[in-house]
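Trainee: curious how this folds, go ahead:
(chains A and B)
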Number of protein chains: 2
Amino acid sequence: MTDLDLMLRFMLQVLVVLGACKVIGYLGVRFLGQAQVTMEMVAGVMLGPSLFGMLAPDFQNSLFPLKNEAGTGKHPSMMILYIVAQIGLVLYMFLVGTEFDLNLIKGKSKSALSISGAGILFPFLFGVMAYYGLMANRTGIFGENISDVSRALYLGAAMCITAFPMLARIIYEAGFTGTRLGTLAIGAGATDDAAAWTILAIVLAQSKGDPKIAIFAIGGGILFVSLMLTLGRNALTKFLAGRSLDQNLFTFIVLLVFAGAWFTDAIGVYAVFGAFTLGAAMPKGDLAKALQAKIEPLTVGLFLPFFFVYSGLNTKLSSIQGAEMWTIALIVLIAAIAGKLGGCYLAARLSGEGHTNALGVGILMNSRGLMELIILNIGLQSGVITTQLFSIMVLMAVVTTLMAAPLFKWIKPKLILE
Amino acid sequence: MTDLDLMLRFMLQVLVVLGACKVIGYLGVRFLGQAQVTMEMVAGVMLGPSLFGMLAPDFQNSLFPLKNEAGTGKHPSMMILYIVAQIGLVLYMFLVGTEFDLNLIKGKSKSALSISGAGILFPFLFGVMAYYGLMANRTGIFGENISDVSRALYLGAAMCITAFPMLARIIYEAGFTGTRLGTLAIGAGATDDAAAWTILAIVLAQSKGDPKIAIFAIGGGILFVSLMLTLGRNALTKFLAGRSLDQNLFTFIVLLVFAGAWFTDAIGVYAVFGAFTLGAAMPKGDLAKALQAKIEPLTVGLFLPFFFVYSGLNTKLSSIQGAEMWTIALIVLIAAIAGKLGGCYLAARLSGEGHTNALGVGILMNSRGLMELIILNIGLQSGVITTQLFSIMVLMAVVTTLMAAPLFKWIKPKLILE
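Mentor: Presented below is the predicted three-dimensional model:
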């Protein structure tokens, strides 16, 4: 396995990954009313063992080898895919952060809080119930050394996820940014993800049996976010005011993004979190737009698809075997939808929204998307869950994400905007 | 070595690589009149065993580990650095290609040919002479199984390299594009690199003892370039006419670039060659400019510095040990400058250029830059040369490249332009 062989394989992977994402994306956008990014999630699963690996196992294994030649560990090609995927993810979450404007939530905080509260409470409870009811006595679903409480908490957190970047994008594309509905959904989505992330940090700390990890993760995370969104934001705004984004400044900002990503990764709350916070701390306006124009093309066009494929390579729908496991998968899916869509609908009604608007919020919040894949990958990487539960949860993420665009398209004309 | 550890280390590498390139680049541009890209070459060498590794060996080794933990092979982190560097290189060579306009050489072909002829002939002869005079009876400089003829040819080809992308950039920044002098230098530089590349393909084919490799490489390479610059260019021009560069089209073009890179890599003439050809086949004008605006920031700001660092990690100036080896290094350097700068000056004078203009062409052609690092890395990767000769040649490349900007700045006001 020389470097030259690795590069030759990597370029083939680029061709197959981008080709599949484009073709499947085109078909999904054109004929199913889906978003490109949703279809890339699907394409990732299809390139893994669930379809491509089932139809042509040898070919798939030569293109995306999982094990090294000795069979003792990961193939270097998989490590490369992981890093390339993470580069894409870090840059993408920074982009999402630059589009995130805290000012939009101000004034709507009470309704947003009650919706986000319901959007955490119900899915979380349903997740914990699903664990104790269905999974507690089974092996092979969670890592061996993980306590019951950690397992239940992780499943609960994984149910709470909202595809916050996707939700923001749908609202933006519908022209709903700044409306009451859009603001509510964005505020609630962001709060839910932050809560799920906090629970995740606790679980990971517990799974390693070291309370210091939890203190570092949660304390460090809260400190980092508060400092970045106050002092950091002010410093950035002052430093960047009036400067044009030349190559030097651009590289400096990329350096800051990776510094933030490195810091949050080092304290145990993952790189994507730091990258997003850096983006959120950036002054909005022309500079943010110029940054997006420079970062988005290669990030979205070349690197991010590798994250979907990397997740897909770890998703083995065939590992959901037997009627019992499929029943569990189905119950998880129903609990996820009932908890999130149902819970948010209920909370929105109680906050005074009408039936259709409440349903609209529920539909938007229900989509799991990219964020769910991130939290699932972290669970798999850190040994909290196995490929089996990973696959069940990816299935749930894909289905809830596929539901979003068509359902929103159906309800959109009925929504009442002020 | 989990994926998470790899990512943590990779982000630290990003911080150190970008930080060093920025700081050293700033100092070099500000105080030495150097170009940013030249200083990044220097930064790469400084981050390797030649400086950072000498000052803080343990720290350097933990940040850029060369060997895996068992000591049996490459560290996964090095493989990742290699691929990230290659991604940067492929995209950068595509960018260089999009700026390459064959029309500029037309009409100046006679002078350009004689200058490029001299720019190949003299360095090549000096390289071959240096091999037979200084290196033929030594071990540890070239790979064991490489024949004398291959070794001499490789050294000759490595001497012929011109920093074609850098030359084009200097001419562009001086506002000389389209002038007689600029056109001459660009035409001659491009021809020299093509010739050096062809010799390299022969050497690699010979070193593997299989004439089929040479036939594939040279035949395939010529076929690829001719088809791409005729049928390919026409097809691209027709297909792209009137289209705006949306995310779909952008991803499609990135896919084409990697397809070309994969093809030339597969036939044995390396990925950079295919990427450059794809760029050269792109229609010039607004679309090329839009592509550059989308690709250049991340490529130049994040990925390309990794190529310099990867080269620097393999450069061990301390492996040039003893008075004899340093004498060889000095002779190689003098031969390289005499052959290229001197040869091109002579040819330009014989083509009717005045003293200063001929010297200007010589100065531009003498810079080895990025292209030399590419050909040296290929030699090292394929086992033709060892780290020792690699280091000697990198030193030559760095010195000739450092000479270019200050010398050109000095002669620029004296040049006679029409």
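Trainee: so what's the residue count around whichever residue of the stretch 101-250 of chain A sits closest to chain B?
Mentor: In the stretch 101-250 of chain A, the residue found nearest to chain B is residue A:250; the distance is 5.1 Å by Cβ to the nearest Cβ. C-betas here are computed from N, CA, C, even on glycine. Neighbour count for residue A:250, taken as other Cβ atoms under 10 Å in any protein chain shown: 20.
Trainee: what does the one 3 residues further on give?
Mentor: Using other Cβ under 10 Å, the number of residues around residue A:253 comes to 22.
Trainee: check residue A:61 too.
Mentor: 14.
Trainee: tell me which residues are up against the helix or strand where it lies.
Mentor: Here residue A:61, judged by DSSP states H and E, is contained in helix A:57-63. Around helix A:57-63, the neighbours that count as contacts under Cβ atoms under 8 Å, 6 or more residues apart in numbering or on different chains are A:9, A:12-13, A:16, A:47, A:49, A:52-53.
Trainee: read off the pLDDT value for the closest residue to residue A:146 other than its chain neighbours.
Mentor: Among residues not flanking residue A:146 along the chain, residue A:207 sits closest, at 5.1 Å (Cβ to Cβ, 6 or more residues apart in numbering or on different chains). As predicted, residue A:207 sits at a pLDDT of 73.
Trainee: and residue A:207, how many neighbours?
Mentor: That count, for residue A:207 with other Cβ under 10 Å as the rule, works out to 22.
Trainee: quick one: low-confidence ranges for the stretch 51-200 of chain A?
Mentor: Counting by pLDDT under 70, the stretch 51-200 of chain A contains low-confidence residues at A:102-109.
Trainee: who in it is up against chain B?
Mentor: Within the stretch 51-200 of chain A, the positions near chain B by Cβ under 8 Å from any Cβ of the partner chain are A:74, A:76, A:79-80, A:82-84, A:86-87, A:90-91.
Trainee: from the residues you listed, which land in helices?
Mentor: A:76, A:79-80, A:82-84, A:86-87, A:90-91 (DSSP state H).
Trainee: those residues into TSV, with extra columns for neighbour count?
Mentor: TSV is the format used below for these (neighbours: other Cβ atoms under 10 Å in any protein chain shown):
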residue	neighbour count
A:76	26
A:79	23
A:80	23
A:82	25
A:83	24
A:84	26
A:86	27
A:87	29
A:90	30
A:91	25
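Trainee: count the residues that sit near the residue of the stretch 1-150 of chain A found nearest chain B.
Mentor: Nearest residue of the stretch 1-150 of chain A to chain B (Cβ to the nearest Cβ) works out as residue A:11 at 3.9 Å. Residues lying near residue A:11 (other Cβ under 10 Å) number 26.
Trainee: isn't it right next to residue B:257, touching?
Mentor: No. In this structure, residue A:11 is not within contact of residue B:257 by Cβ atoms under 8 Å, at 9.8 Å.
Trainee: quickly list what's touching both of those two.
Mentor: residue B:90.
Trainee: compare the contacts of helix A:57-63 and tell me which is most surrounded.
Mentor: Busiest of the contacts of helix A:57-63 [other Cβ under 10 Å] is residue A:47, holding 27 neighbours.
Trainee: didn't that one look like it was pressed against residue A:20?
Mentor: Yes. Assessed by Cβ under 8 Å, residue A:47 is found in contact with residue A:20 at 5.7 Å.
Trainee: what sits closest to residue A:39 if chain neighbours are left out?
Mentor: Per Cβ to Cβ, 6+ apart, closest to residue A:39 is residue A:28, 3.5 Å.
Trainee: what's the following helix or strand after whichever strand or helix holds that neighbour?
Mentor: Residue A:28 is part of helix A:3-32, with elements assigned from DSSP H and E. The first helix or strand that comes after helix A:3-32 along the chain, using DSSP H and E, is helix A:36-47.
Trainee: what angle separates that following helix from helix A:3-32?
Mentor: 120 degrees (axes from the mean of the first three to the mean of the last three Cα atoms, to 10 degrees).
Trainee: quick one: mean pLDDT for helix A:36-47?
Mentor: Mean predicted confidence for helix A:36-47 is 91.
Trainee: what does residue A:142 show for phi and psi?
Mentor: The phi and psi values for residue A:142, taken as degrees, to the nearest 10, are phi -110, psi 160.
Trainee: just want the most central residue of chain A.
Mentor: residue A:371 (1.1 Å; Cα atoms, centre = their mean).
Trainee: what is the neighbour count of the single nearest residue of the stretch 301-418 of chain A relative to chain B?
Mentor: With Cβ to the nearest Cβ as the measure, residue A:301 is the residue of the stretch 301-418 of chain A nearest to chain B, at 4.1 Å. Residue A:301 sits with 24 neighbouring residues when counted by other Cβ under 10 Å.
Trainee: which SS class is the closest residue to it other than its chain neighbours?
Mentor: Once flanking residues are discounted, residue A:301 sits nearest to residue B:251: 4.1 Å by Cβ to Cβ, 6+ apart. Put simply, residue B:251 is helix when judged by DSSP: H, G, I helix; E, B strand; the rest coil.
Trainee: quickly find the element holding residue A:139.
Mentor: Going by DSSP H and E, residue A:139 is not in any helix or strand.
Trainee: and the gap between residue A:308 and residue B:236?
Mentor: 28 Å (Cβ to Cβ, to the nearest Å).
Trainee: secondary structure class for residue A:149?
Mentor: helix.
Trainee: tell me if I'm right that it and residue A:206 touch.
Mentor: Yes. Counting by Cβ under 8 Å, residue A:206 is a contact partner of residue A:149 at 7.1 Å.
Trainee: so which of the two has more stuff around it?
Mentor: More crowded of residue A:149 and residue A:206, by other Cβ under 10 Å: residue A:206, with 20 against 13.
Trainee: does the more buried one count as helix, strand or coil?
Mentor: Going by three-state DSSP: residue A:206 is helix.
Trainee: what is the burial count for the residue nearest to it when sequence neighbours are not counted?
Mentor: Leaving aside its chain neighbours, residue A:206 sits nearest to residue A:150 (4.5 Å; criterion: Cβ to Cβ, 6+ apart). Residues lying near residue A:150 (other Cβ under 10 Å) number 21.
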